[in-house]
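K.L.:
Turn this into a structure:
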Amino acid sequence: MPTRHRLTSPTNHLCSLQADINREADDFEAQLRESRERMEADRAAFAAWERETAAARSAGHFFKSLYQSEAEAPASAGLPSDDVRF
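P.N.:
So this is what the prediction gives:
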C-alpha cells in the first residue's frame, strides 16, 4: 500500500515563514537596541575620560608653571631686566 503524502496548505506554510521572519526581525531589533545602548555607554565613558584628562592636564600645567625652579624658568619671565634705567 503506497503512503499518501499529506500536502500542507499554502496558508500554513506562509504563516510559518512569516513567523520565522518576525522572529528574526525581533532578534535583529534586540541586537540593534543592545548595540545602541553599548554605543551610548561608550560615548558617555569617553566624554568622562576627556573631561578628566583635560582637567588633569590643565591642573598639571598650571601648577608646573607656578613652581618652576629658577633653572626651568624662562629668561624673560615678565620681570624688568637689570639694565633698565628709570
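K.L.:
what mean pLDDT does stretch 28-45 have?
P.N.:
Stretch 28-45 carries an average pLDDT of 97.
K.L.:
can I have that stretch written out in CSV, keeping just the CAs?
P.N.:
The C-alpha trace of stretch 28-45 is given here as CSV (Å, rounded to 0.1, in the frame of the first residue of the first chain):
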residue,chain,number,x,y,z
PHE,A,28,17.7,41.9,15.0
GLU,A,29,15.9,44.7,16.9
ALA,A,30,17.2,43.3,20.2
GLN,A,31,20.8,43.3,18.8
LEU,A,32,20.3,46.8,17.5
ARG,A,33,19.0,48.0,20.8
GLU,A,34,21.9,46.4,22.7
SER,A,35,24.4,48.0,20.2
ARG,A,36,22.9,51.4,20.7
GLU,A,37,23.0,51.1,24.5
ARG,A,38,26.6,50.0,24.4
MET,A,39,27.5,52.8,22.0
GLU,A,40,25.8,55.4,24.3
ALA,A,41,27.6,54.0,27.3
ASP,A,42,30.9,54.1,25.4
ARG,A,43,30.2,57.7,24.4
ALA,A,44,29.5,58.7,28.0
ALA,A,45,32.6,56.9,29.2
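K.L.:
need the helices for this structure, in chain order.
P.N.:
With helices called from DSSP state H, the chain shows them at 10-66.
K.L.:
so where's it shaky on pLDDT?
P.N.:
Applying pLDDT under 70 to the chain picks out residues 1-10, 60-86.
K.L.:
Please repeat the previous calculation with a cut-off of 90.
P.N.:
Along the chain, segments meeting pLDDT under 90 span 1-15, 50-86.
K.L.:
Report how many residues lie close to Arg23.
P.N.:
Arg23: 10 surrounding residues under other Cβ atoms under 10 Å. To be clear about C-beta, it is placed using only N, CA and C from the backbone, and glycine gets the same treatment.
K.L.:
Pull up the gap between Trp49 and Asp26, please.
P.N.:
Taking Cβ to Cβ, to the nearest Å as the measure, Trp49 falls 35 Å from Asp26.
K.L.:
now do Asn12
P.N.:
Going from Asn12 to Asp26 by Cβ to Cβ gives 21 Å.
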